[in-house]
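*Asks:* below are the sequence and a predicted model; questions follow.
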Amino acid sequence: MSANHSPRTASQRAAWIATIVASVLVFFFLMAPILAIVPLSFSSGAYLTYPLPGLSLRWYEDFLSSPRWMLSLKNSAIIGVASAILSMVLGTLAALGLAQWKSKWKPLVLAVVLSPMVVPVVITAVGVYFFFAPLGLTGNYLGLILVHTALATPFVVITVSATLQGFDMTLARAAASLGAPPLLTFRKVILPLILPGLASGALFAFATSFDEVVTVLFLAGPDQRTLPREMFSGIRENISPTITAVAVVLTVISIGLLTMIELLRRRNERLKGNVA
Amino acid sequence: MTAAFVAGADVPLKRRLRRAERARQFRALGLVLPLLLFLLFTFVGPIAGMIWRSVDDWEVPQVLPHTVAALSSWNGQGLPDEPAYAALARDLQAARASGSIGVAAKRLNYVVNGYRTVLTSTARNLKALPEPGTAKDTLIGINPAWGEHAHWAAIRSASGPVTSYYLLAAVDLTRDPDGAIIASPEDQAIYRDVFGRTFAIGFGVTALCLILGFPVAYLLANLPTAQSNLLMIFVLLPFWTSLLVRTCAWIVILQSEGIVNGSLQWLGLIDEPLRLIYNRFGVYMAMTHVLLPFMILPLYSVMRSISPAYMRAAASLGAPPATAFFRIYLPQTIPGIGAGCLLVFILAIGYYITPALVGGAGDQMISAFIAFYTTETVNWGLASALGAVLLLSTLVLALVYGKLALGRQTTGGLKS
């Protein structure tokens, strides 16, 4: 599978070097925004230019002492955690069902379940805005949690389904043959084994909600503004160095989530390796 | 109890197994059902509602019900008869009292510019219901517009229950007073341009992603696993960084006092800062950055599965490296190229946030117009119609993507 590249001729070597050079440039392009913004957040000056006049933590202080930013952080956390839990429950049940369900309708159901990933968010946001407004679901947490759950669940379904694919169903059958009722089998045998998949699904869901801004633009009142929503208005008006501090905080959170998911994935791979 | 058990034993095993299987299938469906119901409420229902809104024509029938009823017997030629005028006078009085006249005025103003003034001024000047038989003269006396065919044809065309007005408007078409489909007036015919621009930006971003993504995917696929896993961080980290953070960073980098302009000026390469943001260049830059991982990841997974034996076979048969690459390697990456391009294109044409923040007025894509008509001018019919067109384009492409992905799975299975 993993083909070690072994260039034989001069022209092959040249092509390989060209690939490396091009890739390095693209990696630089990919990392440029993060590289540019991190030092600026530690600047002691009020302008977003290099060279930095000096180093300070004043913009982080500004972020932490601003009631507006703190409220948005709290809102993002509440909505993110609630949507993650809700989509984990709904997505896991659906993934378990889809793994066993055989029907000619399955592709259609799967398409519906995964469609929130594909449909442009602005369409979801507008549709939900029209639909939720008469029901009193705009300007409060509940409406946002519901729509973020809808947007995040496909990721849970995909992650949990992937975990279930590696799951050895004979274990469940063994439990059943020993007299365990389905629920007990699920709790004692299936759940502990697919837990890493569940956890990464929940992290995906949290990340989706945590980064989502379009539906928040339509549905949130002034008291439900999330972190990305505040950043959106901040960027629209005038980029203050405080935003760069917020951006770095968000990036650190992303790195944390990515690391956790990667660790869970490796654990799952290892488990699969042991089973096989 | 025993009887039931015995009766069960009589049933052939095959049928009992089938029954058990059916019960299992029902249970499986039961597990999927909560999510389906949830999505019906939070996703499918709202989008169906939006599509319905793009054809729903409720304003005029609700505000001017008697006029609509009276006009149903009008043949659409010349002017309607006295009863229609009397009905209109009655409706206007009632609508003025309930304050609902603005709703109908707004709808009719889409058809005939200036209708709003005609309707509101007539309602204002209509002190009392006209004497029987004088409604026509009274209304024409208040505003001569009521003696014009176009104003009556407008009410007739907007009398519901469904209209093609918004959907036609979304593709720069309209109906003339006789109902024939014609091109929209110049000043309103902007949406084909907007859709064209949306697809052009989507196409450009897809091409850029392919050009930049291909060598990276190739490198990652051909390096030893330990090294490629390490380098993968450079792809996954930006992928996981908040969209807002990345957009914000591009503004910081590209703005006129930004890093790029600052460095170029410091090096003495330019005197005036270049305009790199709030224009098309900025949109391409930021969107390509956001969408590049969506190209690299599918390409990488396809390239990873290409056996090096093919290339070695080509080389051993005497093919020069370039020939082997184009004739042997490249064709095998087509599924990845197709999947990556479709994915990037689908995501790109739906983009809202990035163009809104880094684009100029002339770079706004269709999503921005949908948002604008929803929240700013509250023209929900048009917002929905534009949304319906965008949704249709997306779903068609997603269908192709689904077929492609499915096809890949099958051939992959065959090959192994």
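*Replies:* Cool, the structure landed.

*Asks:* look at B:Ile182 and give its secondary structure.
*Replies:* The three-state label given to B:Ile182 by DSSP: H, G, I helix; E, B strand; the rest coil is strand.

*Asks:* partners of it in the sheet?
*Replies:* Taking DSSP bridges, one obtains B:Thr174 as the residues bridged to B:Ile182.

*Asks:* break chain B down into its domains, please.
*Replies:* B:2-53, B:59-163, B:191-415 (automatic domain parsing).

*Asks:* now these in JSON lines, with mean neighbour count?
*Replies:* Quick note: C-beta positions are derived from backbone N, CA and C, even for glycine. Shown next, in JSON lines, are the domains of chain B (neighbours: other Cβ atoms under 10 Å in any protein chain shown):
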{"stretch": "domain B:2-53", "mean neighbour count": "14"}
{"stretch": "domain B:59-163", "mean neighbour count": "18"}
{"stretch": "domain B:191-415", "mean neighbour count": "19"}
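
*Asks:* what mean pLDDT does the host helix or strand of B:Pro61 have?
*Replies:* In this structure, B:Pro61 sits in helix B:59-63 according to DSSP states H and E. Averaging pLDDT along helix B:59-63 yields 91.

*Asks:* which among the domains of chain B is found nearest to A:Gln12?
*Replies:* Closest to A:Gln12 of the domains of chain B is domain B:191-415 (Cβ to Cβ; 5.1 Å).

*Asks:* point out where chain B drops to low pLDDT.
*Replies:* Applying pLDDT under 70 to chain B flags residues B:1-10, B:406-416.

*Asks:* please work out the average pLDDT along stretch A:87-104.
*Replies:* For stretch A:87-104, the per-residue pLDDT averages 91.

*Asks:* and it, which residues are buried?
*Replies:* A:87-99, A:101 (16 or more other Cβ atoms under 10 Å in any protein chain shown).

*Asks:* how close does the residue nearest the centre of chain A get to A:Leu195?
*Replies:* Nearest residue to the geometric centre of chain A (Cα atoms, centre = their mean): A:Ala207, 2.9 Å. Distance from A:Ala207 to A:Leu195, counting by Cβ to Cβ, to the nearest Å: 19 Å.

*Asks:* near chain B, from the buried residues of stretch A:87-104?
*Replies:* Applying Cβ under 8 Å from any Cβ of the partner chain to the buried residues of stretch A:87-104, one finds that A:90-91, A:93-94, A:96-99, A:101 fall near chain B.

*Asks:* and which of these is nearest to chain B?
*Replies:* The nearest member of these to chain B, counting by Cβ to the nearest Cβ, is A:Gly97 at 2.9 Å.

*Asks:* how close does the closest one get to B:Thr174?
*Replies:* To B:Thr174, A:Gly97 is 48 Å away according to Cβ to Cβ.

*Asks:* helices or strands up against the next helix or strand after the helix holding B:Pro61?
*Replies:* Next in sequence after helix B:59-63, counting helices and strands by DSSP H and E, comes helix B:65-71. Helix B:65-71 is packed against helix B:82-98, helix B:149-157, with contacts defined by 3 or more Cβ pairs under 8 Å, 6 or more residues apart in numbering or on different chains; DSSP states H and E.

*Asks:* gap between helix B:65-71 and the chain center?
*Replies:* 36 Å (Cα atoms, centre = their mean, to the nearest Å).

*Asks:* tabulate the buried residues of stretch A:87-104 (a markdown table), appending secondary structure and distance to A:Leu137.
*Replies:* What follows is the buried residues of stretch A:87-104, written out as a markdown table (DSSP: H, G, I helix; E, B strand; the rest coil; distance: Cβ to Cβ, whole Å):
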| residue | secondary structure | distance to A:Leu137 |
| --- | --- | --- |
| A:Ser87 | helix | 17 |
| A:Met88 | helix | 22 |
| A:Val89 | helix | 20 |
| A:Leu90 | helix | 18 |
| A:Gly91 | helix | 21 |
| A:Thr92 | helix | 25 |
| A:Leu93 | helix | 23 |
| A:Ala94 | helix | 23 |
| A:Ala95 | helix | 27 |
| A:Leu96 | helix | 29 |
| A:Gly97 | helix | 27 |
| A:Leu98 | helix | 28 |
| A:Ala99 | helix | 32 |
| A:Trp101 | coil | 31 |
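
*Asks:* what sits up against the helix holding B:Pro61?
*Replies:* Residues from elsewhere that reach helix B:59-63, judged by Cβ atoms under 8 Å, 6 or more residues apart in numbering or on different chains: B:68, B:91, B:95, B:100-101, B:103-104, B:106-108, B:155, B:158-161.

*Asks:* show me which of the ones next to chain B among the buried residues of stretch A:87-104 is closest to A:Gly201.
*Replies:* Taking these together and measuring to A:Gly201 by Cβ to Cβ, the closest member is A:Gly91, at 6.1 Å.

*Asks:* which SSE is the nearest residue to that closest one once chain neighbours are set aside in?
*Replies:* Leaving aside its chain neighbours, A:Gly91 sits nearest to A:Val156 (2.9 Å; criterion: Cβ to Cβ, 6 or more residues apart in numbering or on different chains). In this assignment (DSSP H and E), A:Val156 forms part of helix A:141-165.

*Asks:* which residues sit against the following helix or strand past that helix?
*Replies:* The element immediately downstream of helix A:141-165 (helix or strand, assigned by DSSP H and E) is helix A:169-177. The contact list for helix A:169-177 (Cβ under 8 Å, 6+ apart) reads A:182, A:184-185, A:188-190, A:193.

*Asks:* now, which of those residues sits nearest A:Leu30?
*Replies:* For these, the closest approach to A:Leu30 (Cβ to Cβ) belongs to A:Leu193, at 35.4 Å.

*Asks:* that closest one against A:Leu164, yeah?
*Replies:* No: A:Leu193 lies out of contact with A:Leu164 (Cβ atoms under 8 Å); the separation is 9.5 Å.

*Asks:* would you mind listing what in the stretch 51-200 of chain B touches chain A?
*Replies:* Taking Cβ under 8 Å from any Cβ as the contact definition, the stretch 51-200 of chain B meets chain A at B:Arg53.

*Asks:* can you name the residue of the stretch 51-200 of chain B nearest to chain A?
*Replies:* Going by Cβ to the nearest Cβ, chain A is nearest to B:Arg53 of the stretch 51-200 of chain B, at 6.4 Å.

*Asks:* residue 178: neighbouring residues, count only.
*Replies:* Since no chain was named, I'll use chain A. A:Leu178 is flanked by 8 other residues according to other Cβ atoms under 10 Å in any protein chain shown.

*Asks:* meant chain B actually
*Replies:* Neighbours of B:Asp178 (other Cβ under 10 Å): 11.

*Asks:* so it, which state does it fall into?
*Replies:* Recorded secondary structure, B:Asp178: coil (three-state DSSP).

*Asks:* where does pLDDT dip in chain A?
*Replies:* Chain A contains residues with pLDDT under 70 at A:1-8, A:271-276.

*Asks:* can you give me the helices in the stretch 101-250 of chain A?
*Replies:* Per DSSP state H, counting those that start in this stretch, the stretch 101-250 of chain A carries helices over the ranges A:106-118, A:121-132, A:141-165, A:169-177, A:182-185, A:191-211, A:214-219, A:227-237, A:241-275.
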